[in-house]
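>>> no sequence for this one, just the structure:
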């Protein structure tokens, strides 16, 4: 009914927002690569999720 329509719209909007946020993050990384010393910054950010503490 009405609730499923609202939840569907919310889910779609959330996915669009999530993808937009990802694109903005990629764009931010791209800008940081262009800037001086940004590449080192990007590598540190990129390696962070790989580190797993047991």
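All right, it came through fine. Everything numeric in this text was worked out from a predicted model, so none of it was measured.
>>> what count of nearby residues applies to residue 28?
A count of nearby residues for residue 28, using other CB atoms under 10 Å, gives 13. Every residue, glycine included, has its C-beta placed from N, CA and C.
>>> quick one: buried residues of whichever strand or helix holds it?
Secondary structure from DSSP states H and E places residue 28 in helix 2-34. Buried residues in helix 2-34, counted by 16 or more other CB atoms under 10 Å: residue 32.
>>> so where's the chain uncertain?
Across the chain, the ranges flagged by pLDDT under 70 are 36-54.
>>> on that earlier part again, what packs against the helix holding residue 28?
Where contact means 3 or more CB pairs under 8 Å, 6 or more residues apart in numbering; DSSP states H and E, helix 2-34 is packed against helix 38-47.
>>> quick check: residue 20 vs residue 5, distance?
Going from residue 20 to residue 5 by CB to CB, to the nearest Å gives 23 Å.
>>> ignore what I typed, I meant residue 19.
Distance, residue 19 to residue 5, by CB to CB: 22 Å.
>>> residue 13 now?
Between residue 13 and residue 5 the computed distance is 13 Å (CB to CB).
>>> could you do residue 28 as well?
In this structure, residue 28 and residue 5 are 35 Å apart, going by CB to CB.
>>> what does residue 17 give?
19 Å.
>>> repeat for residue 22
Distance, residue 22 to residue 5, using CB to CB: 26 Å.
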